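Chemist: with the sequence up front, the predicted model follows.
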Amino acid sequence: MSKDVLVVKDLNMHYETLSGDVSAVKNVSFTVKEGESFGLVGESGCGKTSVAMSLLQLQADNAKISSGSIKLDGLEMVGMSESELREVRWDGISIVFQGAMNAWNPVIKVGEQIREAIREHYPDNTKVENTEKIASLFKMVGLDSSIMDRFPHELSGGMKQRAVIALALSCDPKLVIADEPTTALDVVIQDQILKEIKKVQELLGLSLIYISHDIAVIAEMTDKMAVMYAGSIVEKGPTSEIFANPQHSYTQSLLASTPSVVGDKVKLNSLEGEPPSLINQIDGCSFAPRCPNRTTTCHPELDMELVEVGPEHFVDICSANRN
Amino acid sequence: MDKNLNQDLQKELRREALKRNWRLFKQSKLGMIGLYIVIFFLFLALLQPFLFITGIWNKGVYDPVVGYDTIKDTLLVVECPKEYPTEKYESYTDCPAKGEVNVKKLYMAPGVEVGDMYETFIQPAPPSRTHLLGTDSLGRDIFSQIMEGSQVAFILGLLSATLGVGISTILGTIAAFFGGRIDAYLMRQSDLILMLPSLPLLFIISAFAELKVWHLAVVLGVIGGLGGSVITIKSQALQVKVKPFVDSARITGGSNMKILFSHVLPNVAPLALLFMVFSVTGAIASESVLSFLGLLNIDMSWGIMIYLSQTDGFIFSGMRYWWLILPAGLAVTFLAGGFYLVGRGLDDVFNPRLRKR
Amino acid sequence: MLEYIIRRTFQMTIVFFLFLIFSYLLFNAIPGNAFSSLLLNPNLPPDAYQRVLEIYGLDKPLFERTQMYIVNFFKGDFGYSYKYFPKTPIELIAERLPRTLMLFSIVNIVAFYTGFFIGKVLAWRRGSKAETWITVTSVFSYTVFYPWFALMMLWVFGYKLGWLPIGKFLFPEKWYDAPFDSDVVFTSMIKFTVVVSVIQFIAYLVTRGIESLSLRRNLRFGSLLAIFIGSYFYWNNGEALIQKPYASDIAYHMILPVMVVTVVAFAGTALLTRTTMMEVLKEDYILTARAKGISQKRIRDRHAARTALLPVVTSFIFTIVTIIDGSVLTEQIFSWPGMGQLLLQSVLEEDIPVAMATFSFVGVFALIAHLLADVSYSYLDPRIRIKSQG
């Protein structure tokens, strides 16, 4: 059995705003093993990106991690000083941001921006070594090495995204977070980029956290997944298991609202309503007000807690006892 | 039939936008401070005519230019020693001390001896209840001069800024909208204006025309309006020109003039307003510099007050005559700073990228 | 790019031509002329004034004079000064220019660096108490009434404390038996400054290619150290040793004007930098840079400040354009006999050849600086490609 690369336990994070504290991440726990890809899925605003930012501790100034632990290879990251964090960033965990179009500084050459990251973590490398490293990374993601000397605005959207992946891999990180990396791309390029990520992940045996609102992409990309709603994980387990046997009604709704290419044509169910505002403390099941199939066996009054319903398959207690 | 309703709606929307902008402006602390400063000086400028009309102030005494007042003071006559230090004085600069007068200075008044009390008029007089900021060396009230100066500053600043920004907005928009030769001509014209050194140019103009406040406002406005601001406004108008609503106006058959005046100009207006507020600062400073160098034919202004205190040598007498030196200089600084801060506040309103989230 | 520069140069020539005509007519529009005062002198024969006018060609019609001046100008003949007769305007400019350049290049460099640095820090520490206070101070020094402020500073440092000299650029008594002119010293001071900055710039360029950050920093520090040692040896050997006391006299006189003008000039750069930096800091690539584990200082200096530099540099170049223009007031207050005073005097005394020469010098300076601003903008921001316009 491969070892755990990342162990997140009971992570809580909130934003301090003028109108009160907003709990964006509530009691989130999950584990990512070596070489495994882990998916986080949920609607916009459910706290996926907040989780990603907490892992790197790059959250905005008004965001505070109030409790919990994040262990990377056994190393506790919560409470690390800024300089310790700087060493972990990119070398330990790197990230492919949402909307990679803006991830490049427009006035610095692409190669130089990658070189800069390597230089920060491997200060003894020579120039030639770094250039070779970048060229091999570019080759891996299907880019020509001449792109090093280009400015970001000279690249197409797909090329920029590939370069961002190369950038994320530049320091051989233990874990890569891909935060909706294909959102701003057209469908054909999206597919190419997904394949690229998959290929690279398998090639290097990377651990990957893939964040998306698109459950179909998660199905394609990940081995294990977690479904987030209103800042908490409501269901997690092996991807195949969840798709075959979704337990939480939110997961079921998500699956029902996604079209399937194979099989019969069925009417898609869209979910009514909006996610709850995170500014108020929510007691019991946060999904209850929107739940389309509430039954008498539901326990919406129970506080959030994950219980095991199958092999490594956990679900929120209020939905768990329903069947 | 819906035209009236439409207009009402538009009015309502405009009022809403105004309210929203005001709320945003209020959030900028420095902008509000600037606004208070400007209002304070506006109040000063309006207060003086009010005081004269109601007769609270006598024109003969308080007029900033021809007023005259004498302050009586009694001084102890002393004889300054030949050698220093003595018990009383440490060096020659200490004699006569405050409330004393050297007997040698009184050779015009026979019969005065050391130890007498001597009654005299002092000018410049220090601040007192009748003259809040004292008088200058000609016995004129400084506070009244400050008020007169702020009238000059407001008239000059606002007039020249309005004129200058009006010119540059129209020319800049035309340059952006029509492009080609008109653009090239206007750009080279502003190059030409920018090439001329501004201060010597104003000297030349003041040499063959006697500059009063109004003339100076027009001159500053025209020079400012034809110069660099045309280039800035043009670049802004160029960005507006490629916006979709301009294309849609063109497709629906709007004439060039209509598009220019009802679509492009209103969208350049916020920047123009901003420019105007900033150029008030420049105009006030220019007037003060010209007055300071004694090149203007104005009776009274802050620049002239500083000019007088410098030519009379008070500026090197240090803080002993502070009421001659500080008020005018601080007034120029603060009013210019006030307008600048208001401009900064407006910048926050019109430039949403800088807003605090 | 080249085509653009050629086109601009062509347009600039036309603008300059118009500028010459316009200025010449402007000077002639001033009532009276340089010799009007001769009319008031009762000891001169009555036809003296007329004779002088004939000698200087001022009796000819305006059109003919303008034509003649323009033609001679492009032949490189700028005439003779009316006031300092045997001297030509070029000689006068050559004498005055080093003094102004020395003073204002130092002021501008110091003001630019402090302004840029303070602006950077202001944006970086947004919302802190220090930010508010520095902003208030910067606004004050940005809008302070300059001549008044300068006089106050003169009073404080020159008179009250007596630390620094009041006005002038040297102590005449020190120079009685000086073996050379002050201009010689000025020229060698400028040469020294230019050589030092070129060496520093080359050192910067060379070290830019080095991969290791610490080595790069050490080398840069080393080059700085070498320059210090080198300049110590320079000023203590040969020709420079003799010039040293005189050069230090000039430097001593420069402290106060440099300080005062810097205080007034830095604030504009600081406030502009703050605004542009604040916009840049909201960009996603700043987050990327943080995620990469790059140090705060390096993010600030390399990622944020570099992008924020563009508008600041443009405005800085526009400031350089106004060096001579702005020097008029400063030189008047500090009695610094440079270009500004020459410009002002020649205008006031209607010394048309000198005034025209100084005006056109300022004009050419401005035109070239504008072109430079546009070209440097496209260099600093690779996104911008200059399109040929108008």
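Modeler: Now that the structure is in, tell me what you want to look at.

Chemist: let's verify the residue nearest the centre of chain A: helix, strand, or coil?
Modeler: The centroid of chain A falls nearest to A:Ile211 when counting by CA atoms, centre = their mean (3.0 Å). Assigned by DSSP: H, G, I helix; E, B strand; the rest coil, the conformation of A:Ile211 is strand.

Chemist: kindly report the same for B:Tyr89.
Modeler: Strictly by three-state DSSP, B:Tyr89 counts as coil.

Chemist: what does A:Met225 give?
Modeler: strand.

Chemist: same check on C:Ile166?
Modeler: When classified by three-state DSSP, C:Ile166 comes out as coil.

Chemist: B:Gly139 contacts B:Val66, doesn't it?
Modeler: No. B:Gly139 is beyond contact range of B:Val66, at 10.5 Å (criterion: CB atoms under 8 Å). Any C-beta I mention is one placed from the backbone N, CA and C, and that applies to glycine too.

Chemist: so between those two, which is more surrounded?
Modeler: B:Gly139 (18 against 10; other CB atoms under 10 Å in any protein chain shown).

Chemist: any idea which strand is longest in chain B?
Modeler: Selection of the longest strand in chain B by residue count, based on DSSP state E, yields strand B:71-78.

Chemist: give me the helices and strands touching that strand, please.
Modeler: Applying 3 or more CB pairs under 8 Å, 6 or more residues apart in numbering or on different chains; DSSP states H and E, we find strand B:71-78 packed against strand B:100-102, strand B:117-122.

Chemist: can you give me the helices for the chain?
Modeler: I'll assume chain A. According to DSSP state H, chain A carries its helices in the segments A:48-56, A:82-88, A:110-121, A:127-140, A:157-169, A:187-204, A:215-221, A:239-244, A:249-256, A:317-320.

Chemist: chain B is the one I meant
Modeler: In chain B, the segments counted as helices under DSSP H are B:3-27, B:29-54, B:59-62, B:142-178, B:180-195, B:198-208, B:213-226, B:228-241, B:244-251, B:256-259, B:265-292, B:302-311, B:322-350.

Chemist: could you tell me the least trusted of the ones you listed?
Modeler: Mean pLDDT values for the helices of chain B show the minimum at helix B:59-62, a mean of 73.

Chemist: which of the helices of chain B sits closest to C:Arg208?
Modeler: Among the helices of chain B, helix B:228-241 comes nearest to C:Arg208, with 31.9 Å by CB to CB.

Chemist: looking at the helices of chain A, which has the lowest confidence?
Modeler: Looking at those, the bottom one is helix A:317-320 with a mean of 67.

Chemist: what's the residue nearest to C:Leu154 when sequence neighbours are not counted in contact with, if anything?
Modeler: Leaving aside its chain neighbours, C:Leu154 sits nearest to C:Ile166 (5.7 Å; criterion: CB to CB, 6 or more residues apart in numbering or on different chains). Residues near C:Ile166 by CB atoms under 8 Å, 6 or more residues apart in numbering or on different chains: C:154, C:158-159.

Chemist: selecting buried members of those residues in ChimeraX, what would you type?
Modeler: Buried residues within those, by 16 or more other CB atoms under 10 Å in any protein chain shown, are selected in ChimeraX with:
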select /C:154,158
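
Chemist: which of the contacts of C:Ile166 lies closest to chain B?
Modeler: The nearest member of these to chain B, counting by CB to the nearest CB, is C:Tyr159 at 5.7 Å.

Chemist: those residues of the stretch 151-300 of chain A touching chain C, which are they?
Modeler: Contact residues, the stretch 151-300 of chain A versus chain C (CB under 8 Å from any CB of the partner chain): A:151, A:153, A:167.

Chemist: now those residues as JSON lines including neighbour count and distance to chain B?
Modeler: Formatted as JSON lines, these follow (neighbours: other CB atoms under 10 Å in any protein chain shown; distance: CB to the nearest CB, whole Å):
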{"residue": "A:Phe151", "neighbour count": "17", "distance to chain B": "22"}
{"residue": "A:His153", "neighbour count": "14", "distance to chain B": "18"}
{"residue": "A:Leu167", "neighbour count": "29", "distance to chain B": "26"}
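
Chemist: picking that back up, phi, psi for the residue nearest to C:Leu154 please.
Modeler: Torsion angles at C:Ile166 (phi, psi; degrees, to the nearest 10) stand at phi -90, psi 110.

Chemist: now swap in C:Asp47 and tell me
Modeler: As for C:Asp47, its main-chain torsions (degrees, to the nearest 10) stand at phi -90, psi 10.

Chemist: spatially nearest residue to C:Leu256 (excluding sequence neighbours)?
Modeler: C:Leu256 sits nearest to C:Leu164 (CB to CB, 6+ apart), 4.5 Å away.

Chemist: an error on my part: the question was meant for C:Glu239.
Modeler: Of all residues not flanking C:Glu239 in the chain, C:Ser188 sits nearest, at 7.7 Å (CB to CB, 6+ apart).

Chemist: contacting residues for that neighbour?
Modeler: So C:Ser188 contacts C:239-240, C:243, C:247 (CB under 8 Å, 6+ apart).

Chemist: as JSON lines, the helices of chain B with distance to chain A and mean neighbour count would be great.
Modeler: Shown next, in JSON lines, are the helices of chain B (distance: least, CB to the nearest CB, whole Å; neighbours: other CB atoms under 10 Å in any protein chain shown):
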{"stretch": "helix B:3-27", "distance to chain A": "12", "mean neighbour count": "11"}
{"stretch": "helix B:29-54", "distance to chain A": "16", "mean neighbour count": "16"}
{"stretch": "helix B:59-62", "distance to chain A": "51", "mean neighbour count": "15"}
{"stretch": "helix B:142-178", "distance to chain A": "24", "mean neighbour count": "23"}
{"stretch": "helix B:180-195", "distance to chain A": "26", "mean neighbour count": "18"}
{"stretch": "helix B:198-208", "distance to chain A": "34", "mean neighbour count": "19"}
{"stretch": "helix B:213-226", "distance to chain A": "33", "mean neighbour count": "20"}
{"stretch": "helix B:228-241", "distance to chain A": "18", "mean neighbour count": "20"}
{"stretch": "helix B:244-251", "distance to chain A": "21", "mean neighbour count": "12"}
{"stretch": "helix B:256-259", "distance to chain A": "31", "mean neighbour count": "12"}
{"stretch": "helix B:265-292", "distance to chain A": "24", "mean neighbour count": "22"}
{"stretch": "helix B:302-311", "distance to chain A": "42", "mean neighbour count": "24"}
{"stretch": "helix B:322-350", "distance to chain A": "17", "mean neighbour count": "23"}
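
Chemist: make JSON lines out of these and add distance to B:Lys88.
Modeler: As requested, these are exported to JSON lines (distance: least, CB to CB, whole Å):
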{"stretch": "helix B:3-27", "distance to B:Lys88": "59"}
{"stretch": "helix B:29-54", "distance to B:Lys88": "43"}
{"stretch": "helix B:59-62", "distance to B:Lys88": "37"}
{"stretch": "helix B:142-178", "distance to B:Lys88": "32"}
{"stretch": "helix B:180-195", "distance to B:Lys88": "62"}
{"stretch": "helix B:198-208", "distance to B:Lys88": "50"}
{"stretch": "helix B:213-226", "distance to B:Lys88": "51"}
{"stretch": "helix B:228-241", "distance to B:Lys88": "61"}
{"stretch": "helix B:244-251", "distance to B:Lys88": "82"}
{"stretch": "helix B:256-259", "distance to B:Lys88": "83"}
{"stretch": "helix B:265-292", "distance to B:Lys88": "40"}
{"stretch": "helix B:302-311", "distance to B:Lys88": "30"}
{"stretch": "helix B:322-350", "distance to B:Lys88": "25"}
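
Chemist: surely the residue nearest to the centre of chain A and A:Met53 touch.
Modeler: No. A:Ile211 is beyond contact range of A:Met53, at 10.7 Å (criterion: CB under 8 Å).

Chemist: what is in contact with these two at once?
Modeler: Joint contacts of A:Ile211 and A:Met53 (CB under 8 Å, 6+ apart) do not exist.
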